[in-house]
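> For reference, the sequence and a predicted model appear below.
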Amino acid sequence: MANHSDASEENQKRKTATSDPREKATYAVPVAKGLINTLKHILRNEPNTIHYPDEKRTPYPGYRGEHRLKRDELGREKCVACFMCSTACPAHCIEIVAEEAPWDDREKRPRLFNIDMMRCIYCGMCEEACPCDAIELTPVFNIPARTRAEKIYDKDKLLSL
Ligand code: SF4
Ligand code: SF4
């Protein structure tokens, strides 16, 4: 019974609070500002949408999109399979298997280099960690896929981007 009367008192307090004219005035100003802002946008008639895919938005400088592995001046992959990127990756989405490199200027190269783009959070840590400037995040953002498996990019795909 005591609980019921407490609840009634509480409800009464709430009603009194919301009917306070000063409180109503507090809400009225931001609501009016919001409506004016909306009206300004309507009158300016600036389009905020684009007709994708006929129109494409240019990403801002520094946008972190799809990854690519770089090649050196001889067309070889720059990656030396040091595992720095996979160690730094917070999403654990880089898988590397190293093999002996057939060249004299490095010991290893990646036999397998996969990135699971469905797990990637596009943080750029892999690019930051790479000592050879071998991996980078490009401005490309629109590579579609029908299956999850297609979003696991292998070495060939990463080198072709
Ligand atoms: S961008 Fe971040 S999450 Fe994606 S592969 Fe690189 S380190 Fe991992
Ligand atoms: S991409 Fe860079 S950090 Fe990653 S394994 Fe290759 S050389 Fe090392």
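Perfect, thanks for sending it. Ligands and ions are numbered 1, 2, ... in the order given.

> Would you map out the domains in this structure?
What automatic domain parsing lists as the domains of the chain is 2-42, 67-160.

> The longest one close to ligand 2?
By that I understand domain 67-160. Yes: interface with ligand 2: domain 67-160 contributes 79-85, 96, 129-130, 132, 134-135 (C-beta under 6 Å from any ligand atom). Yep, even glycine has a C-beta here, placed from its N, CA and C like the rest.

> With secondary structure as new columns, can those residues be given to me in TSV?
Listed next are the residues of domain 67-160 next to ligand 2 as TSV, based on DSSP: H, G, I helix; E, B strand; the rest coil:
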residue	secondary structure
Cys79	coil
Val80	coil
Ala81	coil
Cys82	coil
Phe83	coil
Met84	helix
Cys85	helix
Ile96	strand
Ala129	helix
Cys130	coil
Cys132	coil
Ala134	coil
Ile135	strand
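
> follow-up on the earlier one: deepest of the domains of the chain, which one?
Of all the domains of the chain, domain 67-160 has the most neighbours on average by mean count of other C-beta atoms under 10 Å, namely a mean of 15.

> Out of the domains of the chain, flag the one nearest ligand 1.
domain 67-160 (3.3 Å; C-beta to the nearest ligand atom).

> how long is that closest one from one end to the other?
10 Å (C-alpha to C-alpha, to the nearest Å).

> If I average pLDDT within each of the domains of the chain, which one is lowest?
Mean pLDDT is lowest for domain 2-42 among these, at a mean of 73.

> Measure how far the longest helix anywhere in the chain is from the centre of its chain, please.
Longest helix of the chain, by residue count under DSSP state H: helix 21-44. Relative to the centre of its chain, helix 21-44 is centred 33 Å away, using C-alpha atoms, centre = their mean, to the nearest Å.

> repeat for stretch 59-71
Relative to its chain's centre, stretch 59-71 lies at 12 Å (C-alpha atoms, centre = their mean).

> likewise stretch 42-54?
23 Å.

> which residues touch Asn142?
53, 56 (C-beta atoms under 8 Å, 6 or more residues apart in numbering).
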